[in-house]
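Asks: Got a sequence here, can you model it:
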Amino acid sequence: AVIFLYPFSLVEARKRALGTQRGSQLDQVWHMRQSVSNACGAVAIMHAVMNTLDRIGRSSSFLDEFKHSTSSASAHERGRAFGSAVRDIHSGVAPMGQTDAPKPTADLDFHFVAHVEVAGRLYELDGNNDGPIDCGPVGSNGLLHAVVAHVRSAYVTPFPEAHFSLITLGPKRDSEET
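Replies: A predicted model of the protein is given here:
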């Protein structure tokens with residue numbers, strides 16, 4: 001999976017200009033709506049993990065239970081359930097942090113989305129959208145090549161002066177196993 005960070009206000013204005021329909025629910029792709037302000041990074045990670053849970057190789061009681069309990073839920077219901085879980089986790093670990101987190105209502109101008117491969121197709125998953133956006137086949141060059149091509153076409157070309165970041169999430173190499 002790949003997490004993508006972009007300047008929110010710049011790109012969102014273009015997305016809105018292209019139309020109000022942004023994705024649609026697909027049974028084979030796990031998607032949730034973002035219900036907690038400034039939680040787009042956590043939502044992007046959940047999109048990445050929940051769509052690759054069968055491939056990441058490690059079991060997690062929280063993730064397994066969350067996927068099972070939300071399997072038939074709508075994207076909005078999943079978002080609300082995740083929001084509750086995030087609030088519980090945050091209240092337990094936030095006092096241990098060394099830096100101050102931004103206030104939930106802070107106006108941050110960057111946004112995280114996930115790109116995942118499901119059944120050979122590339123999907124963009126954004127908690128602000130109605131559902132996954134099918135970006136086409138991954139192809140023989142693999143996921144990273146497909147994501148870079150999509151990001152270049154949909155984001156970098158229209159906004160060449162903007163700053164973007166990609167973060168790849170993948171398994172450890174065999175030599176890194178501990």
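Asks: Can you find the helix or strand in the protein with the smallest mean pLDDT?
Replies: Here the helix or strand of the chain ranked lowest by mean pLDDT, DSSP states H and E is helix 8-18, holding a mean of 74.
Asks: Show me which positions of it end up buried.
Replies: Phe8, Val11 (16 or more other C-beta atoms under 10 Å). In short, each C-beta sits where N, CA and C put it, glycine included.
Asks: What sits closest to Met32 if chain neighbours are left out?
Replies: Leaving aside its sequence neighbours, Met32 sits nearest to Arg78 (C-beta to C-beta, 6 or more residues apart in numbering; 3.5 Å).
Asks: three-state assignment of that neighbour?
Replies: Taken by DSSP: H, G, I helix; E, B strand; the rest coil, the conformation at Arg78 corresponds to helix.
Asks: That one against Ser71, yeah?
Replies: No: contact status for Arg78 versus Ser71: not in contact, 9.5 Å apart, counting by C-beta atoms under 8 Å.
Asks: Neighbour count for those two, which is higher?
Replies: In this comparison of Arg78 against Ser71, neighbours counted by other C-beta atoms under 10 Å, the higher total goes to Arg78 at 24 against 10.
Asks: Distance-wise, check Val156 relative to Phe164.
Replies: Taking C-beta to C-beta, to the nearest Å as the criterion, Val156 is separated from Phe164 by 6 Å.
Asks: for His145, same thing?
Replies: For His145, the distance to Phe164 (C-beta to C-beta) stands at 17 Å.
Asks: ok, now Ala73?
Replies: 32 Å.
Asks: Next up, the contacts around the residue nearest the centre of the chain.
Replies: When the chain is reduced to its mean C-alpha position, the closest residue under C-alpha atoms, centre = their mean turns out to be Ala44, at 2.1 Å. When contacts are counted by C-beta atoms under 8 Å, 6 or more residues apart in numbering, Ala44 is found next to Ile3, Phe4, Phe112, Val113, Ala114, Leu125, Gly127.
Asks: hmm, try it at 6 Å
Replies: For Ala44, the contact set (C-beta atoms under 6 Å, 6 or more residues apart in numbering) comprises Ile3, Phe112, Val113, Ala114.
Asks: between these, which is closest to Asn38?
Replies: For the contacts of Ala44, the closest approach to Asn38 (C-beta to C-beta) belongs to Phe112, at 10.4 Å.
Asks: before we move on, the earlier item: quick one: the contacts of Ala44 as a markdown table, columns for neighbour count too.
Replies: Formatted as a markdown table, the contacts of Ala44 follow (neighbours: other C-beta atoms under 10 Å):
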| residue | neighbour count |
| --- | --- |
| Ile3 | 20 |
| Phe112 | 23 |
| Val113 | 25 |
| Ala114 | 30 |
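Asks: Filter these down to the ones in strands?
Replies: Secondary structure assignment by DSSP state E places Ile3, Phe112, Val113, Ala114 of the contacts of Ala44 in strands.
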